[in-house]
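Peer 1: Next one to model:
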Amino acid sequence: MEKFTYLYDFIDFAKANRKYPESTANNLKSALKIFEKELNPEELKSINMVADSIEEIFRSVAIANKDKSIISLNTYKARLLKVITDYKRYGADPGKIQKWVIKEKKSTPLFTSKDKTDKNKITLSAPIPSPVDNVHKIELAIGNNERAVISIPRSIQAKDIKLIKNILDSLAE
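Peer 2: Residues are numbered from 1 along each chain as shown. Now for the predicted structure:
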């Protein structure tokens, strides 16, 4: 019978043979510790029994770890099952570990060329007209701390300019 504690030794062995990075090994051991607390003496003696009754054990783990989210507990469960699967493949016969091919994780760039082209097509909303951008402001100081502000749109037409001129000329008379 393969004891549950063999999984700890297997993780150390796999880490020493560069099959698990140190962070992965630590994460897997954490998962083992959480589940180990909820195993009965019979389950501690058999990895196969743990794998067969994982759902019942998981319920006990969830009840005992109410402070942890179910997402987190599911992650621990997946890690435990990964260790058991790897142990069955490579741990029972240490010579098989040489045939263990590690899948390299492909690094994905933050932005792909598709993202860059899509970025140019996206408009969140229509531009908001701003008085600063679309208007000429003329501020006049007229004695006694009085001020007059004239706002003239940038897209003013010639006939409107003549009208404004005539109004200003009439004020000067």
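Peer 1: show me where the protein has strands.
Peer 2: Under the criterion DSSP state E, the chain carries strands at the ranges 135-142, 146-153.
Peer 1: now those strands as a markdown table including mean neighbour count, distance to residue 101 and mean pLDDT?
Peer 2: To be clear about C-beta, it is placed using only N, CA and C from the backbone, and glycine gets the same treatment. Converted to a markdown table, the strands of the chain look like this (neighbours: other C-beta atoms under 10 Å; distance: least, C-beta to C-beta, whole Å; pLDDT from 0 to 100):
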| stretch | mean neighbour count | distance to residue 101 | mean pLDDT |
| --- | --- | --- | --- |
| strand 135-142 | 10 | 68 | 77 |
| strand 146-153 | 10 | 70 | 80 |
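Peer 1: export these to TSV and tack on distance to residue 79?
Peer 2: Shown next, in TSV, are those (distance: least, C-beta to C-beta, whole Å):
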stretch	distance to residue 79
strand 135-142	63
strand 146-153	65
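Peer 1: quick one, what contacts the residue lying closest to residue 64 once chain neighbours are set aside?
Peer 2: Closest residue to residue 64 apart from its sequence neighbours, by C-beta to C-beta, 6 or more residues apart in numbering: residue 38 at 5.9 Å. The neighbours of residue 38, taking C-beta atoms under 8 Å, 6 or more residues apart in numbering as the test, are 57, 60-61, 64.
Peer 1: Does residue 22 touch residue 12 like I think?
Peer 2: No: using C-beta atoms under 8 Å, residue 22 is not in contact with residue 12; the gap is 10.7 Å.
Peer 1: what about the two, which has more around it?
Peer 2: Per other C-beta atoms under 10 Å, whichever of residue 22 and residue 12 has more neighbours is residue 12, with 13 against 8.
Peer 1: Spatially nearest residue to that one, not counting backbone neighbours?
Peer 2: residue 25 (7.3 Å).
Peer 1: what residues are up against that neighbour?
Peer 2: Neighbour list for residue 25: 11-12, 14-15 [criterion: C-beta under 8 Å, 6+ apart].
Peer 1: Please identify which of the residues you listed is nearest to residue 69.
Peer 2: Set against residue 69, the nearest of these by C-beta to C-beta is residue 11 (24.2 Å).
Peer 1: low pLDDT regions in this protein?
Peer 2: Applying pLDDT under 70 to the chain flags residues 1, 105-133, 173.
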